[in-house]
Every structure is written in structure tokens, then in C-alpha cells.
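>>> Return a 3D structure for these sequence lines:
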Amino acid sequence: MKKIEQLPLGFGLSGVKAGIKYKDRYDLALIYSNTPCRASGVWTKNAMSAACISYNKNHIDNEIHAIMINSGCANACTGDIGYDNCIICAKELANKLSIQSTQILLASTGVIGTQLPMDRISKGINKLSKNIGSNKKHIKKASKAILTTDTCTKIYGVEIKIGNHIGKIFGIAKGSGMIHPNMATMLGFIMTDIDICQNLLQEALKSCVDDSFNQISVDGDTSTNDMVIALSNGNLNNKKIVEKDESFLLFKTALNKVCTKLAKKIARDGEGANTLIQAHIKGAESKDSARKFSKSIISSNLVKAAIFGKDANWGRIICAMGYSGEFDFSNIDLHIESKHGKVDIIKNGVALEFDNGVAAKILNCDKVNITVDLKNGEFEARAWGCDLSYDYVKINADYRS
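Sure, this is the predicted structure:
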């Protein structure tokens, strides 16, 4: 498996400034395949899901040629008008691309409760369709156009050998605040030229999302617009993956790598964040319990604030685990580490003496690992979050101004 910065065969991207945002920024993006794709998706659990979520659920089983994403307006809580605008967007884009409107998926992110500025989007669609390409410039513009409060773009790709062919899996994502998936204003789009049947693509995506995007948290808020969509156009012409064989396992491993890298980039870019926090639970009795304990740690505002304050307050970690499920405290080990070192906090359920100054130095890092060994089974899981800083409040207090 090799990291790449190239799009899979047959895919092109476009990003333009359509005037949707209140500032002169890229805000309309397009993902396009020159041949129709099999698609799979995972959606927000928020009951007040955006119009694009409902629209996509009605079209995800079609052959898909394109995804259009706008930032600056969530098109959520917009009633029938919001859904009708999705239909209009798809028809206008389909006309420009000479495809069917039912072959287009849509995504939106931004302020809730406002209608899409259709006059500006219509003009943007015209520009979008004329600027499709696959080089780094196109990747950069498209990945910028899907951002809101993000401070950086989020892209990652790998190539793998499938039979005698070298296939690619490439993703772009956005997310910084309102992140607490079961999936958050987070969007993820995965492209691959590897030929795989739709049901196995969906199975692989769901499994990978459970171990990546659904294991991050910035602030505990699950958005109205979260989605992860995967597209496979089969342009690699490999032997189609239709069984859970070696090729499928390799594909799933590579997909998980892409999803995990993008998820960690989102967690690291949490609004006002300084530190990426990884919670690693080992020795759990089930995968579900390992996921639950690890995510509880990185979701705790008290843990997040302690990391921001460089305070090794391990009681907050144990407390967060305790309200997420039962475990035997008398048997656990706990340590924290970073590139600045490692300190053991608890051994066999007994709190150890440690130097708070050394611990503070370890926590004064852009990435901190918290590891808990429950010694109660063979399962493990990781979750990712970020510290909670003063700037988080500042950013969200000023979000609409």
C-alpha cells in the first residue's frame, strides 16, 4: 500500500467561487466520473437531517456520475423548498454535464435554516462544469470549496495491487466543529477506480466508517448534514470484486486506511484545537465496548479541557469510561505518551506516583496518546478527538457574523 496524491482513473474535480459564502471564497465543488459509478453512503443520525440527505437516500442505488457540494449554506430545516432546490440543482448540473439528473448526488454544509441562493448556484454550476480536471490544482480547489470553519484541506489516497492492476482509493473530507458522528458537520467523499459490486462496497464503507469517522469527536454535536459517500467507477478493469476474498480484504484494508487518515485530520483540525488526542482501549471483552470506552474518553469535555491545560488528571479519564459502561478498575493499566515521552499512571488498578512536570511536558504536544488496558479480552479500538480551548467558544460565538 502506497500513499498517493493522484485521483483514480476516470475521476475529475472542480471547485469555484459561486458567492454562496459571505466572503470571496471557494464554495462550490464537483466530483465527476467519466463513466457511471456504483455508490454507497452512510448518513447522519440526526432526526433533522438536511434536504440533501433525503435526496441522496432516494438516489444512492442509481448509477452515479457526479456529486456536487456547496459550503456556506446547509439547506437544512428548509422544508419542501429545500428539497425542490436539490432537484433543480441536479437538473441544471445534469444539463451541463450531459448526464441524467438521477445520476447526481448532492451535499451541503454551512448555516442551518437558510435557503440555497439558487441564482448564485446556477451561475456557479456553469463555471463548475467548465473547470473539471484531475491535477493538483483541481484537487486543491475542490477540497477548499467544501470547507467551512476548517483551517486546512483534508485529502488522502493510497494505491494497492488488485490482481495484475494497480488501483487507487482517494478521499477528500471536511470537518472542524459540530463533530460527534454517528457521523457531524463532516463530509467525506471516497473515489476508487477498483471494480467492486455495490453491496460489498457498502459493507466495506460501513465497517470502515464505524472504526474511523464514527470514532471521532470535537464538541459532541451531531450535525444535520453528515455523510460519507464512496464511488467506484471500475475503470481499473480488474476482475470485479464480488466475494469476500483476498482482493476484498485488501480493498477494505486500504479503504480503512483512507477513512482513518481523513478522520484523524478532522479531529486534529477541531475548532481552536492545539492537540490531537488518541484514546486506545486494549483488552476489551468486545469490539463494541472498546469503541464505546475509547470514544467516551475523547468526547469528555473535562478530559479535553485537562489536555488543553496540560494536566494529567486521570480521574477524568476513568470517570468518562465509567459513565459509558462497566469495567473492572482493579485490573486496568493506564499510561499517556507523546513524542516527548511516556508516563505510567495506573498499574493493576493502583494509581502510581508520577512527576506532574514530566506529565505536563508529555501533554504539551500536537498529538497525545491515552492507552487503557482493561485486561478483560482480546478486542481493541481507537478514537480521536482534540483539546478544548478558549478559541472554540470564540469561533462558534462568531460563526454567523
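
>>> Tell me how far K292 lies from E326.
Per CB to CB, to the nearest Å, K292 is found 11 Å from E326. (Each C-beta comes from the backbone N, C-alpha and C, glycine too.)

>>> who's more crowded, those two?
K292 (17 against 8; other CB atoms under 10 Å).

>>> now the more buried one, what's its secondary structure?
helix (DSSP: H, G, I helix; E, B strand; the rest coil).

>>> again, but for K304
helix.

>>> which non-adjacent residue is nearest it?
The spatial neighbour of K304 that comes closest, neighbours along the chain excluded (CB to CB, 6 or more residues apart in numbering), is L388 at 3.8 Å.

>>> So what would you say the end-to-end distance of stretch 107-119 is?
Start and end residues of stretch 107-119 are separated by 18 Å (CA to CA, to the nearest Å).

>>> Read off the pLDDT value for the nearest residue to R268 once chain neighbours are set aside.
In space, and not counting its chain neighbours, R268 is closest to L276: 4.2 Å by CB to CB, 6+ apart. According to the prediction, L276 has pLDDT 90.

>>> Please name the residues that touch L276.
264, 267-268, 366-368, 384-386 (CB atoms under 8 Å, 6 or more residues apart in numbering).

>>> which residues does it bridge with?
K367, C386 (DSSP bridges).

>>> and it, how far is that from I298?
Where I298 is concerned, L276 sits at a distance of 10 Å (CB to CB).

>>> Now for the two: what residues contact both?
With CB under 8 Å, 6+ apart as the test, L276 and I298 both reach 267, 384-385.

>>> Need the residues you listed in a markdown table (columns: distance to A173 and neighbour count).
Formatted as a markdown table, the shared contacts of L276 and I298 follow (distance: CB to CB, whole Å; neighbours: other CB atoms under 10 Å):
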| residue | distance to A173 | neighbour count |
| --- | --- | --- |
| A267 | 11 | 26 |
| W384 | 13 | 26 |
| G385 | 16 | 31 |
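
>>> quick one: which of those residues is nearest G309?
Proximity of the shared contacts of L276 and I298 to G309 (CB to CB) peaks at G385, which lies at 15.4 Å.

>>> Isn't K206 up against V42?
Yes - between K206 and V42 there is a contact under CB atoms under 8 Å: 5.9 Å.

>>> Same drill for those two, tell me which one is more crowded.
Ranked by neighbour count (other CB under 10 Å), K206 and V42 place V42 first, with 22 against 15.

>>> buried residues in the helix or strand hosting that one?
If you go by DSSP states H and E, V42 is part of strand 28-43. For strand 28-43, burial by neighbour count (16 or more other CB atoms under 10 Å) applies to 28-33, 36-43.

>>> again, but for stretch 157-165
Neighbour count says stretch 157-165 has 157-160, 162 buried, by 16+ other CB under 10 Å.

>>> CA atoms only: put it into CSV for me.
Provided in CSV are the C-alpha atoms of stretch 157-165 (Å, rounded to 0.1, in the frame of the first residue of the first chain):
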residue,chain,number,x,y,z
GLY,A,157,-5.1,8.5,-1.1
VAL,A,158,-3.5,5.1,-1.5
GLU,A,159,-2.8,2.7,-4.3
ILE,A,160,-2.9,-1.1,-4.0
LYS,A,161,-2.4,-4.0,-6.3
ILE,A,162,-5.5,-5.9,-7.2
GLY,A,163,-4.6,-8.9,-9.3
ASN,A,164,-2.2,-7.5,-12.0
HIS,A,165,-3.6,-4.0,-11.7
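
>>> Of the shared contacts of L276 and I298, which one scores lowest on pLDDT?
For the shared contacts of L276 and I298, the least confident entry is A267, with 83.

>>> Can you verify that one is assigned to a helix?
Yes - judged by three-state DSSP, A267 forms part of a helix.

>>> can you pull the contacts of it?
By CB under 8 Å, 6+ apart, the neighbours of A267 are 179, 216-218, 276-277, 298, 384-386.
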